[in-house]
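K.L.:
curious how this folds, go ahead:
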Amino acid sequence: MTGAKRVLRKYQKPLRAASFDPNRAWFSNPFAFNDPLDVNLSTTDTCFSVFANERHFKDVVAELLQKDKVKEYNLFNEEIIGKMRDRDSLTYEKEILFLIKQRFDASGILCLFSGDDSEAMWSYYADDARGFAVEYECSGTMTLALRNPHLFSLDVSYFRTLPSVPLAELIFSPSTAVAKMYASKRIDWAHEGEFRFVNPEASGLLNLPCGLCVKRVIAGHRMDGETKRLLAEHCESFQIPVYERHVRIGNIFERQITAAA
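P.N.:
From the prediction side, this is the model:
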């Protein structure tokens with residue numbers, strides 16, 4: 001989808017109810033992920049490629065670096081570009097791979113769920129429905145990319161066998177390489193239907209991406225009364241509607257609430 005709006009969800013623990021800020025979101029560091037292979041694909045050098053040897057590879061990279069457009073792509077920082085220029089390095093490819101991997105490891109990633117109400121997501125990410133879900137509405141993928149040039153906006157792809165990311169792909173086709181590295185997961189996680197915003201410069205509590213806005217907040221059906229009151233009060237101060245989830249005799253429904261209720 002490029003132009004159509006879509007709805008995404010973020011499931012949250014109850015302890016985040018009182019501090020929820022609709023203008024900011026938590027971009028997690030890859031080291032905090034529960035899947036050890038997430039943003040941790042294998043990277044390889046150019047041994048088996050179209051390049052005759054490392055010198056040939058360095059020559060082609062040097063020609064690429066004459067184009068100013070390389071500096072515009074936010075995978076490459078000054079340190080990486082500096083190492084790509086270092087043709088005298090005896091461990092050229094390994095050093096570039098190390099720096100790029102460092103960059104991936106230092107990124108911040110906002111993980112959102114693209115499906116409808118999910119019992120599994122309530123259970124795992126919202127403390128067995130004691131937490132809450134933030135429902136976002138956002139612009140289409142192309143619009144998001146244009147409005148957030150400092151971020152990557154990616155739908156996660158799911159594989160039985162995870163791909164690898166060769167160094168040549170990282171340098172000469174960074175768009176596809178970045179999509180693979182940041183948004184490839186094993187098929188075991190496919191039920192999450194994940195969409196990601198990636199900030200390659202920072203992690204932690206960051207400003208919400210442009211084009212993404214909070215539509216409403218839903219309290220889990222096991223959230224305690226005091227936390228629910230605090231959540232509703234907090235959201236009302238931002239003029240965000242709050243609903244509570246109910247489960248009755250096999251049916252799930254939602255009802256809007258207020259802090260005074």
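K.L.:
need the residue closest to the centroid of this structure.
P.N.:
Nearest to the geometric centre of the chain sits R196, at 3.0 Å (C-alpha atoms, centre = their mean).
K.L.:
report the contact partners of that one.
P.N.:
Residues counted as contacts of R196 (C-beta atoms under 8 Å, 6 or more residues apart in numbering) are I109, L110, C111, L112, F152, S153, L154, D155, V156, Y182, A183. The C-beta positions use only the backbone N, C-alpha and C, and glycine is treated the same way.
K.L.:
quick one, strands of the stretch 101-250 of the chain?
P.N.:
For the stretch 101-250 of the chain, the strands defined by DSSP state E, counting those that start in this stretch occupy 108-113, 132-138, 152-155, 157-159, 165-166, 184-186, 194-199, 204-207, 212-219, 242-248.
K.L.:
parallel or antiparallel, which strands does the fifth one pair with?
P.N.:
This points to strand 165-166. strand 43-44 (parallel) (DSSP bridges).
K.L.:
what average pLDDT does the next helix or strand after the partner strand get?
P.N.:
Per DSSP states H and E, the first helix or strand lying C-terminal to strand 43-44 is helix 54-64. Throughout helix 54-64, pLDDT has a mean value of 91.
K.L.:
quick check: mean pLDDT of the helix or strand following helix 54-64?
P.N.:
Going down the chain from helix 54-64, the next helix or strand is helix 69-72, by DSSP H and E. Mean pLDDT, helix 69-72: 76.
K.L.:
before we move on, what about stretch 236-248?
P.N.:
The average pLDDT within stretch 236-248 is 92.
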